[in-house]
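Student: Build me a model from this:
(one chain, ligands or ions: 1)
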Amino acid sequence: MDEVTVIAGCAIATVDDRRTEYSRGYVVVRGNRIEAVGEGDAPEVDAGARRIDGRGCLLTPGLVNTHHHLYQWITRGLATDHTLFEWLTTLYPVWAGIDEDAVRVAATGALAALVRTGCTTTTDHHYLFPREGGDLLGAEITAAAEVGLRFHPCRGSMDLGVSAGGLPPDEVVESLDDILAASAAAVERWHDPSYDSMLRIALAPCSPFSVTPELLRESAALARTAGVRLHTHLAETIEEQDYCAQTFGCTPAQYLERLGWLGPDVWYAHAVHLDDDAIEAMARTGTGVAHCPTSNARLGAGVARTADLVRAGVPVGLGVDGAASNESGSMIEEPRHALLWARNRGGPRAMTVRTALELATIGGARVLGRAAEIGSIEVGKLADLALWRLDTAAHAGIDDPVTALVLGAPPPLAALLVNGREVVRDGEVRTVATDVVATEVARAQAALLAKAR
Ligand SMILES: [Zn+2]
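Tutor: Model (predicted):
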């Protein structure tokens, strides 16, 4: 029989189509689905139900992270004061040493940080496959199952090494044929298209300056045949814009459009430097954006036109990006930074606190093609829920709970449910021992740096 969980006594921001909120409400979860949500006291349910006291808390949909590089969790704190291109060329030789063990440990550390900060669904963009590295995608899929997140890993790729005019060293790029074969095999082995899916694969050539146009074109064709989504970095920096102008005679957005990379099955990471035409094309085609405000600021890449994208109707989600450019890897910091950056760029009305929460929840679900299943608290949707403590010394007395969540200090979690399963309770991760993970991360980080030095 399906387990029943009742959360009651909490404020609720459902983020449904009407943006319904309850000042003191309840949610009933049966198995992995939301069975009821409403104002006031919870209805009578099975005597054996698990009950979570939500008093003093705000319940939101679990946060959806639309861009990450999990393996970078063990390469944090390097090239701290560098530009993106300098940072990449410093880190590539370190990253070239990753293997299955390094990726499993790094992913576990990064995923544990995500669940502690309210994230229930994450993607990963893994594009680095050293020849002797082993089964790296398999290693992170194992880690995600262990930590307990809904996972959308990308089989990423690079085929343009430095000897061919690209940025990455030759030893970390693969051939076009090998990439396409590995991509097809990853979809075949792991992709689950079902409503309840905990695991979906996407294809993700890395960026215009590390892949060939053939790889972009062929990956799009393969993804569309296989029915999976497409992801890449786009227009992150001015240097990329200059590279595309010199190499292809167009903007990064025009370059990708020429190669078939517009559509409701595509989402771009960053999309900082966009002109009006690019925003119009993305809105018209339903092409999504993973906005990564913390990473963009950490690398000084620029401030994205998030308010313009949202106004145009482009699907926008938020992403922590890889931990080498965002050491905290904290999902709850992203809505706040998205709001602050948007207002700094566009004035006080550029983004509301509720829009910031929407980007982190239903916005991310749209970007990943999962808006029917996750991203809001509605009867029949999957039970991915974050219960935030707002009665702490840092939050007590903040008038509006959504404001407290978005603009206050990152609150602790009373509970986090993923697919109905309790992954965090009273601030503690229940699925993995975080002290053991920390020790393993330190060991793997030291070993990786020792290899590179
Ligand atoms: Zn990235």
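
Student: Provide a list of residues in contact with the residue sitting nearest the centre point of the chain.
Tutor: Nearest to the geometric centre of the chain sits residue 65, at 2.3 Å (C-alpha atoms, centre = their mean). Shown in contact with residue 65 (C-beta atoms under 8 Å, 6 or more residues apart in numbering): 114, 119, 121-123, 318-320, 331, 334, 364. All C-beta spots, glycine's among them, are computed from the backbone N, C-alpha and C.

Student: Excluding sequence neighbours, find me the nearest residue to it.
Tutor: residue 122 (4.1 Å; C-beta to C-beta, 6 or more residues apart in numbering).

Student: what are the bridge partners for that neighbour, then?
Tutor: Bridge pairing for residue 122 (DSSP bridges) gives the partners residue 65, residue 151.

Student: Just to check, it is in contact with residue 154?
Tutor: No - the criterion here is C-beta atoms under 8 Å, and residue 122 misses it with residue 154 at 11.2 Å.

Student: right, is the helix or strand containing residue 297 up against the ion?
Tutor: Using DSSP states H and E, residue 297 sits within helix 293-298. No - on the criterion C-beta under 5 Å from the ion, helix 293-298 is out of touch with the ion, staying 7.0 Å away.

Student: And the next helix or strand after that helix, what's buried?
Tutor: Moving toward the C-terminus from helix 293-298, the next helix or strand (DSSP H and E) is helix 306-312. Residues of helix 306-312 classed as buried: 306-310, 312 (neighbour count, 16 or more other C-beta atoms under 10 Å).

Student: buried set for the strand or helix carrying residue 440?
Tutor: In the assignment (DSSP H and E), residue 440 maps to helix 434-452. By 16+ other C-beta under 10 Å, the buried positions in helix 434-452 come out as 434, 437, 440-441, 444-445, 448.

Student: Also stretch 273-288?
Tutor: 273-274, 278-279, 281-283, 285-288.

Student: Can you give me the end-to-end span of stretch 345-352?
Tutor: One end of stretch 345-352 sits 14 Å from the other (C-alpha to C-alpha, to the nearest Å).

Student: Now do the buried residues in that stretch.
Tutor: Under 16+ other C-beta under 10 Å, the buried positions of stretch 345-352 are 345-346, 350-352.

Student: now, which of the residues you listed sits nearest the ion?
Tutor: Nearest to the ion among those is residue 345, at 20.9 Å by C-beta to the ion.

Student: what number of residues lie near the residue nearest to that closest one when sequence neighbours are not counted?
Tutor: Among residues not flanking residue 345 along the chain, residue 303 sits closest, at 4.9 Å (C-beta to C-beta, 6+ apart). Using other C-beta atoms under 10 Å, residue 303 has 16 neighbouring residues.

Student: What residues does this structure have near the ion?
Tutor: So the chain meets the ion at 269, 321 (C-beta under 5 Å from the ion).

Student: which residues of the stretch 251-400 of the chain fall in strands?
Tutor: 266-270, 288-291, 316-318, 385-389 (DSSP state E, counting those that start in this stretch).

Student: re the thing from before, go through the buried residues of stretch 273-288 and name the one nearest residue 6.
Tutor: residue 288 (34.5 Å; C-beta to C-beta).

Student: what separates the helix or strand encompassing residue 217 from the chain centre, distance-wise?
Tutor: Here residue 217 sits within helix 213-226, counting by DSSP H and E. Counting by C-alpha atoms, centre = their mean, to the nearest Å, helix 213-226 is centred 22 Å from the centre of its parent chain.

Student: Strand partners (parallel or antiparallel) of the next helix or strand after it?
Tutor: Downstream of helix 213-226, the next assigned helix or strand under DSSP H and E is strand 229-234. Sheet pairing of strand 229-234 (DSSP bridges) gives strand 202-205 (parallel), strand 266-270 (parallel).
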